[in-house]
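Enquirer: model the following, please.
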Amino acid sequence: MNEAIKNVHIIRWNEIPDFPLYMDQVMSLIEQSLSFLILDEKDKVITSTMINNYVKSKIVSAPVKKKYTREHVAYFIVICLLKKVYSLQEISKLIKVQFDTAPIDAAYDGFCDTFEDALKGVSENHVEYTVDQKTQDLFVKTIMSVVYTIYVQRMIHDEMTVMDAIKDMEKQQKKEKKRK
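Expert: You can find the predicted model right below:
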């Protein structure tokens, strides 16, 4: 489990294409960047319905001629991470606070840096993990709540997988005993 989240790299502002993207391209980019959130093959990080809901609820601006920009992708990635813990209304307010205090590229990259650092810290069992002196900052607390949720979900998922494996092994052993 730790390996799955230890080497996470969320796509940064300059890695997001600087030209308009269609919805399928946006979804693919986000799925690749946030693949560490996927616990089962059937899991989806983002869908076209989600994107449409974020636009309808005015968390994200509407696409221009069905094409999305870097800003859209950055917003969608932040939303996908925050929705693990927060409602869309809360996410909208949190994004506004963060993006109103810094240019979007710096705010987004700062979010990604802090998120990755926190995720690595939690996965390495730094229970009291903090980022410098920013523990009082809403930004860091927000990220930490999401990081802990992701970490616990992975632990629960992996534990269930281990339990399922034990059950399967016990069934196999019973079958082998019956054959003998």
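Enquirer: what's near enough to touch the residue nearest to the spatial centre of the chain?
Expert: The chain has L81 as the residue nearest its centroid, 3.6 Å off, counting by CA atoms, centre = their mean. By CB atoms under 8 Å, 6 or more residues apart in numbering, the contact set of L81 is L34, L37, F115, V146. C-beta coordinates here come from the backbone N, C-alpha and C atoms, glycine included.
Enquirer: C112 now?
Expert: Shown here is C112, whose contacts under the criterion CB under 8 Å, 6+ apart are I10, I11, R12, I77.
Enquirer: what helix or strand is it on?
Expert: With elements delineated by DSSP states H and E, C112 resides in helix 104-123, which encompasses its position.
Enquirer: let me see the mean pLDDT of that helix.
Expert: Averaged across helix 104-123, the pLDDT comes to 86.
Enquirer: buried ones in that helix?
Expert: Of the residues in helix 104-123, those with enough neighbours to count as buried (16 or more other CB atoms under 10 Å) are 104, 107-109, 111-112, 114-123.
Enquirer: phi and psi next, for K67.
Expert: phi -120, psi 140 (degrees, to the nearest 10).
Enquirer: wait, what's in contact with the closest residue to I51 other than its chain neighbours?
Expert: Residue nearest to I51 in three dimensions, not counting chain neighbours: M23, with 6.2 Å by CB to CB, 6 or more residues apart in numbering. Listed by CB under 8 Å, 6+ apart, the contact set of M23 reads S48, I51, P63, K66, Y68.
Enquirer: now for the nearest residue to K66 once chain neighbours are set aside, how many residues are close by?
Expert: The shortest distance from K66 to any residue that is not its chain neighbour, by CB to CB, 6+ apart, is 6.6 Å, and that residue is Y22. Other residues lying near Y22 total 13 when counted by other CB atoms under 10 Å.
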